[in-house]
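J.: Fold the stuff below for me.
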Amino acid sequence: MNSKEITTVTERIEQHFLPYVRRPARYIGGEINQIKKDLSRSELTVALCFPDIYEVGMSHTGLAIIYDILNKINGVAAERVFSPWLDAEELLRKNNIPIFTLESKATLKSFDIVGFSLTNELCYTNVLNILDLADIPLRSGSRSEDDPLIIGGGGMANCCEPIADFFDMFILGEGEDAVVELAKLFISEKNGGSGKNQILQKAASSFEYVYVPGFYEFKTKHGKQIPRPIIKNLPKRFENAVIDDFNNAPVVEKPIVPFAQIVHDRINIEIMRGCPGRCRFCQATFCRRPVRFRSINRILETAKKCYLSTGLDTISLFSLSSGDYPNLEQLVDVLQSYFEEKHVGLSLPSLRVDQQLKLLPKLLTSVRKGGITIAVEAASERLRQIINKPLKDEDLFAAVNAAWQAGWGQIKLYFMAGLPGESEEDVKKIVQLCFELAMLRKDIKGRAGQINAAVSWFVPKAHTPFGWLGQKEKEYFENAKQLILDEKKRLRAKFVNFKFHDINRSVLESAIGRGDRRLSKIIEKAFSDGAKFDLWDECFNYQIWQKAFAEFGLDLDKEAQRQFATDELLPWEHLGGPKKDYLLSHLNCALEIIEKSAAENKD
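T.: Predicted coordinates:
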């Protein structure tokens, strides 16, 4: 890996870009707590790319942590890159300005490594767009020795085969320790004169969480793709990197204070990692294990340092399931006693409805009464048993009633439709449950509460018990949406508002998320035909994707509905996650409940 000449485009940006772009704050850098090193004097340079706009990427805690960790390593410089919005991209292309980092305004080709945070299947075309704007060949096999190493990490690394041809390496699992180990290896190998291929071989043979797709070929046999290493002594299965001592794992004590209003403009502190629940639709709960906690003192000290370095007025205590933090009541008391007089509020997303949640409305008197969010997922207890969501109606009603008593004016509920074993009555019950919960407030305040219900469509995910199942047909989701609206009208529930996820987007997510390496041609075709920002309503074009699938002999809807045989080699099976037998035991348990319920209804 050769030392690179650093190319900056500051002058061109100032003359031909910033005066004409609509939101320059997204692209100027220089924020409070930004870290800027001399790239020309660094032994290893890393461009950290988030394939969405500044406001979204700056809200992502994982990116902030990796940025902070890498910049604390002597000889390593990390800088940020975000997807330019449509107007900015047009200016870059018109003026032949390559995409650049915020800190040094350096081109991506100047860096040793370009790393992508992969958070969702629908960000893949943005990854290709960033590479294209950087004048870096899209496919790893087309790149030269002088091109940067392209590395992917984040949740989608565990099901990365659809984009494997675009990446040189994936990091599976948690990145805090992994990026340090890899940075040291890269520096050592680079200083020793190793080329890119030698460095990749060294990493692949040294760490069980490193997957180098180029070292594996897939042979198609009976319509199934079988992975096979083309280099001796490489593993056939990989394991996720895991932080054992989570309490002392790195945290960001000086978060960057953005110039633009971002999605989550607050201090974000991860209080626990992993989830003790095993919701059978959730990839994160099965891939991010075991459950680990941060101590109250560690959280308090982090919150203090972040507050002093930013001045932000809200602290978010986040995790996959914050309600399962073992000393939640004590934690809230400690934080309130320090921050209440400073007028700093607390936010507790990802709460589960259990005995602890009943106490929260009383505890969180300092939190702004805008609303409280509960992920109900399924309206009936029977359906919750199928998905393994440990939530009783009794606890849900008690928690919502306590929230109304404490003065909350509105509650947000999350539901999912199209789940295995679901009936039309289960769909209608979403409205009925919202109605009943809203009416609880009438006895307390004289009028019904405001319920905002978000309904998403079930997407079977890799590394979950439901990963073998197909998604329901698009017509099913359209009918479910109409059932909900009709039931709302019948109940005259004007105080219940529904927001529905885009059905086509969920179908595409299902088709891509469980795909194999053959999908890379489809993703590249969709990108070349104009697909980008597929998570955004303004840009998403389902017809582009339908056409791309069809061009390579596949039907998008059928791929989303594809079912896998339990003895089939899954496209993600080698990429970390729980063992197959464990997931199948969960699937069989769910199917038994469905069969038993069907038999009872028949009788």
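J.: which residues touch the closest residue to residue 16 other than its chain neighbours?
T.: Once flanking residues are discounted, residue 16 sits nearest to residue 95: 4.3 Å by CB to CB, 6 or more residues apart in numbering. C-beta coordinates here come from the backbone N, C-alpha and C atoms, glycine included. If you count contacts by CB atoms under 8 Å, 6 or more residues apart in numbering, residue 95 has them with 12, 16-17.
J.: Out of those, give me the one that has the most neighbours.
T.: Counting neighbours by other CB atoms under 10 Å, residue 17 comes out on top of the contacts of residue 95 with 21 neighbours.
J.: Which parts of the stretch 251-400 of the chain are helices?
T.: 283-287, 296-310, 328-339, 355-363, 381-387, 393-406 (DSSP state H, counting those that start in this stretch).
J.: Show me what the helix or strand that contains residue 509 is packed against.
T.: Assigned by DSSP states H and E, residue 509 falls within helix 503-513. Helices and strands touching helix 503-513, by 3 or more CB pairs under 8 Å, 6 or more residues apart in numbering; DSSP states H and E, are strand 450-457, helix 474-491, helix 542-551, helix 556-560.
J.: So what touches that helix?
T.: Contacts to helix 503-513, defined as CB under 8 Å, 6+ apart, come from residues 120-122, 124, 159, 162, 456-462, 471, 474, 477-478, 481, 519, 523, 534-535, 540, 542, 545, 549, 556-557, 559-562.
J.: Identify the residues contacting the residue nearest the centre of the chain.
T.: If you average the C-alpha coordinates of the chain and look for the closest C-alpha using CA atoms, centre = their mean, you land on residue 119, 3.4 Å from that point. Residues in contact with residue 119, defined by CB under 8 Å, 6+ apart, are 60, 154-156.
J.: Closest to residue 434 out of those residues?
T.: Distance ranking of these against residue 434, using CB to CB, places residue 155 first at 29.7 Å.
J.: The residue lying closest to the closest one once chain neighbours are set aside: what secondary structure?
T.: Of all residues beyond its chain neighbours, the one nearest residue 155 is residue 119 (6.1 Å), with distances taken as CB to CB, 6+ apart. The assignment at residue 119 comes out as coil when based on DSSP: H, G, I helix; E, B strand; the rest coil.
J.: So residue 119 versus residue 154, what's the distance?
T.: Taking CB to CB, to the nearest Å as the criterion, residue 119 is separated from residue 154 by 5 Å.
J.: ok, residue 259 touching residue 28?
T.: Yes - in this structure residue 259 lies within contact range of residue 28 using CB atoms under 8 Å: 6.9 Å.
J.: Name the residue in those two with the higher neighbour count.
T.: residue 259 (18 against 15).
J.: if we can go back for a sec, of all the helices and strands packed on helix 503-513, which lies closest to residue 204?
T.: Ranking the helices and strands packed on helix 503-513 by proximity to residue 204 (CB to CB) places helix 556-560 first, at 29.9 Å.
J.: Could you check that closest one and say which residues are buried?
T.: The neighbour-count check on helix 556-560 (16 or more other CB atoms under 10 Å) flags 556-557, 559-560 as buried.
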